[in-house]
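Chemist: following is a predicted model, sequence given first.
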Amino acid sequence: MMWGRNRGMDSARKLFLRLLVPNLLCLILPLLVGYVIYEKTLHEMEREVTASNMNLLEQTRDIMDRRFQELNSIAMQMVHDTRIMHFQRITDPFEGANTYRIWETRKSIRNFSLTNNFIFDYFILYKNSELVLTEYSTYELSEFFRYFQYRHMDQKSWEQLLASEYHRFKVLPAQDVTINGVTYSLLTYIQSLGYPGYPQGLIAITVDNREIQKLLGKHDLSGGGHAYIFDRNGSVISSTSADLGAPIDPGMLKGEKGSLLQTFEDQNMIVTYTTSKVNGWVYLVIQPEYVVLEKVLYVKKITFLMAFIFLATGLLIACFIAYKNSRPFKNIMETNRELQEKIKKQSPLLQAALFERLLKWDFASSKDIPVLLQHAGIEMQGEYFIAAILQLRGYDGGLGPNELKELDIWRVRIKDILKLEMPGNSYWHDVAEDQIVLMFVLRPRDFADTSEMVRYVEGVVQKISERIRAKLNLCARFAVGGLYANLDSVSRSYEEAKRTLEYMLWTNRNGTMRFDELPSENHTYYFPSDLEVRLGHLTKAGEQEAVGILLEELYHINFVERNLSLPMLQIFVNEVWGNLIKIIPQVAVEGEEALAWINPYDGETARYAPSYEVLAKNYQFIVSRYREVCKYVNEHKKSQNVELLEKVTALLHASYAQSHVSLDFVAEQLGISKGYLSQFFKEQTGVNFSDYLEDLRMTRAKELLAETDMPIHEIAERVGYNSSNTFCRAFKRINGVSASAFRQANIV
């Protein structure tokens, strides 16, 4: 009673909150007005600051553009210099007159650095001769790298740059370079000699990074601010920070210039950026928000104080209105709660119905069983199954009202005993007023062999029998069926337990008895009704292997073990054949094909009188007909599956770029349940539906990253993601690298 009262209070609270929310939404409009005023003020202040920063950035950008255009001009003059071109084809630069030409060439390039104060040094590397010319000296490549060493590049890396591809106006980001024992921070400008496809060397012009940092340092970078220059690939060319790592992905910036608010290391920073139209470099300044927006902090405090007062007042009014309006709906909520309780009470009935079908094997296919068990909330974790029937003695003479009431009480008390004695992975179900079916689910790893499993079940049954006798002073019979290695055979084990119980009743036997203890029967054939039903279901489901095993088992029992007479064997063969005739119309076989399956005897067999050999041959002929029916069913299902799979994949390929596409959407479009669609897609393709959809989106995303310069946030929208953050996390999880790193790797 107290539990029901608590549930009612929970429902009332939920209803109150539902009515409160719309009233709170009415407060949003005036709050939005205040927020807009605040944002306008903030935006005006930001506009003044960013305008100043933007002017400085654009000045820095223009100076850098002019200097690097001069570098381009110098490099092209050197590339087309005949003296420099002469050494591209030479393999022995110190042979004959080449020594004089080296001196003359080095002398001619001394004046290039005079026109650009950015230039720190420059050198020419030749691929064929491994000759290096500088302004004041001549080196072999190995000797040069002992004098001029990059921290992050070795001689092999430079040789790869020489030979791998043709470089045009390529700039290596700033890095430490040791020259004759002294370390400098330098950028390196590279222009290949030769022509595209056949590089013959390269011209490398180094730029003093301190000159660039002077330009970037004109901005107000107090309080932890920094300035950066990025290339088209998002790599840091130069910065005022000692750490050359990228603080922000340039691909996330919208437009060629602008400003935005970002959080770095729990500190709000204003980011101002502009892009060069000459080389596509991004110039970016990051400044602390509190430095920039000091003037607006006071306005911010006043705005939030007024918003809090307004919201608190409105909340009190909204609570009063919600409480007043919630009363008429309490009865409706109470009715809804009662309906939920009734649905919950239906769960045991659903489980009981499922066990009833399992014992009778009333399923179209064994594949349906896991789905139905999951729907009913039952988890059968095991590989071997055995059924037993518990029957209370003393009620064989008939059941009246008093006896039925008494049995109801005994069943409740017996189930209390079963909860204590039955293992965790076992179940029971009422099949009659005085009978309960016990189903044991066993795992092979817990036992040495199947005989130990049977002994274990006998031990559990014996304990239950003793506990019933000791606590309830009742006697019970236990009939145990056979042990089988699949859930499909539970109905057979149950049928065997029923036959065992019938024998115990007929012989007035007490205690426990197994099916394999029954005396052998040789006067009649073995084809019980449950096997007939199961054979029909398996055939209609197209499970050819299971049908073959079952028919082979029936052959062994009737032709080998029972030693039946010829007339009795004839009846058995006809029974099996008659069962097939009833199945054929149910699998939609019509016309000449159905007629061809009706006669199981070929011409040669029909001319002979019945004998064991003839009947065995007829039986095998019938088995082949069963297999043909299974094959027909599978081909029919396969054609339907192929058609459905084609529809699903076509729909996914056509609409994967839409963010609303999901398992629910596709199932609704095709008019099937999402549970069936998920299981069907996994069986047909070997991958999960969500993984397949994600793979489609990622494949297209990688194409766009590699082939276009489209911003990452736009690519995310193009391939069906609602936000770029979700896309970036998914891309990193699946591909192992970030989207920007993937783009950089493919461009380089």
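Modeler: Perfect, thanks for sending it. What you see is a predicted model; the values in this text were computed from it and never measured.
Chemist: how is this structure divided into domains?
Modeler: Per automatic domain parsing, the domain ranges recorded for the chain read 48-294, 361-517, 529-637, 656-747.
Chemist: would you format the ones you listed as CSV with mean neighbour count, distance to residue 37 and mean pLDDT included?
Modeler: All C-beta spots, glycine's among them, are computed from the backbone N, C-alpha and C. Shown next, in CSV, are the domains of the chain (neighbours: other C-beta atoms under 10 Å; distance: least, C-beta to C-beta, whole Å; pLDDT from 0 to 100):
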stretch, mean neighbour count, distance to residue 37, mean pLDDT
domain 48-294, 17, 16, 80
domain 361-517, 16, 56, 79
domain 529-637, 16, 67, 77
domain 656-747, 16, 28, 86
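Chemist: redo those domains as JSON lines? Include distance to residue 305.
Modeler: Converted to JSON lines, these look like this (distance: least, C-beta to C-beta, whole Å):
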{"stretch": "domain 48-294", "distance to residue 305": "18"}
{"stretch": "domain 361-517", "distance to residue 305": "54"}
{"stretch": "domain 529-637", "distance to residue 305": "70"}
{"stretch": "domain 656-747", "distance to residue 305": "32"}
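Chemist: can you say which of those domains is nearest to residue 352?
Modeler: domain 361-517 (6.3 Å; C-beta to C-beta).
Chemist: now that closest one, how far from the centre of its chain.
Modeler: Centre-to-centre, domain 361-517 and its host chain are 41 Å apart (C-alpha atoms, centre = their mean, to the nearest Å).
Chemist: tabulate the CA atom coordinates of the helix or strand residue 567 falls within in CSV.
Modeler: According to DSSP states H and E, residue 567 maps onto helix 566-583. Only the C-alpha atoms of helix 566-583 are listed here, as CSV (Å, rounded to 0.1, in the frame of the first residue of the first chain):
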residue,chain,number,x,y,z
LEU,A,566,7.3,-55.3,-42.7
PRO,A,567,3.7,-54.1,-42.4
MET,A,568,4.6,-51.9,-39.4
LEU,A,569,7.6,-50.5,-41.3
GLN,A,570,5.3,-49.8,-44.3
ILE,A,571,2.9,-47.9,-42.0
PHE,A,572,5.8,-45.9,-40.6
VAL,A,573,7.2,-45.0,-44.1
ASN,A,574,3.7,-43.9,-45.2
GLU,A,575,3.3,-41.8,-42.1
VAL,A,576,6.5,-39.9,-42.9
TRP,A,577,5.4,-39.5,-46.5
GLY,A,578,2.0,-38.3,-45.5
ASN,A,579,3.5,-35.7,-43.3
LEU,A,580,5.4,-34.4,-46.3
ILE,A,581,2.3,-34.3,-48.5
LYS,A,582,0.7,-32.0,-45.8
ILE,A,583,3.7,-29.7,-45.9
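Chemist: which secondary structure elements does that helix contact?
Modeler: Under the contact criterion of 3 or more C-beta pairs under 8 Å, 6 or more residues apart in numbering; DSSP states H and E, helix 566-583 touches helix 529-540, helix 612-655.
Chemist: who wins for proximity to residue 204 among those helices?
Modeler: helix 612-655 (48.4 Å).
Chemist: no further queries at this time; thank you.
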